[in-house]
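**Q** A structural model of the following input is requested.
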Amino acid sequence: MRTPRLEIEYCTQCRWLLRAGWTAQELLTTFTAELGEVALIPGTGGVFDVRLDGETLWSRKEQEGFPDLAVLKQLVRDRVAPERSLGHTDRKN
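**A** Numbers count the residues shown, from 1 in each chain. Take a look at the predicted model:
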């Protein structure tokens, strides 16, 4: 297994594979050298959880919704490359 390992567990009943795939693509595009692996994990029961090396970064049930991609990128960046700027994603309105 390559590290760090990012997992996106998504609900197959809710048909969230495309959302999980898009999220994985965006994170892999942003963190090309920092992520060792991104795994899509089928689940049920409305799950959409993002974990990095076992640590939950986002849980749809706990946060009551899907992550904003900019926020998710910041959460990942803070753990895999804290010194790295995300450009416009880091700017506050």
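
**Q** From Gln13, how far out is Leu52?
**A** Look at Leu52 and Gln13: by CB to CB, to the nearest Å, they are 25 Å apart. All C-beta spots, glycine's among them, are computed from the backbone N, C-alpha and C.

**Q** If you count surrounding residues, which of these two has more?
**A** The residue with more neighbours, out of Leu52 and Gln13 and counting by other CB atoms under 10 Å, is Leu52; that gives 20 against 11.

**Q** Go ahead and confirm that one touches Thr3.
**A** No: assessed by CB atoms under 8 Å, Leu52 is found out of contact with Thr3, at 9.6 Å.

**Q** which non-adjacent residue is nearest Ala20?
**A** Of all residues beyond its chain neighbours, the one nearest Ala20 is Tyr10 (3.8 Å), with distances taken as CB to CB, 6 or more residues apart in numbering.

**Q** Tell me the spacing between Cys11 and Glu34.
**A** With distances defined as CB to CB, the gap from Cys11 to Glu34 amounts to 27 Å.

**Q** ok, those two, which is more surrounded?
**A** Cys11 (19 against 16).

**Q** which residues touch the more buried one?
**A** Contacts here follow CB atoms under 8 Å, 6 or more residues apart in numbering; on that basis Cys11 touches Gly43, Thr44, Gly45, Gly46, Val47, Phe48.

**Q** That'll do, ta.
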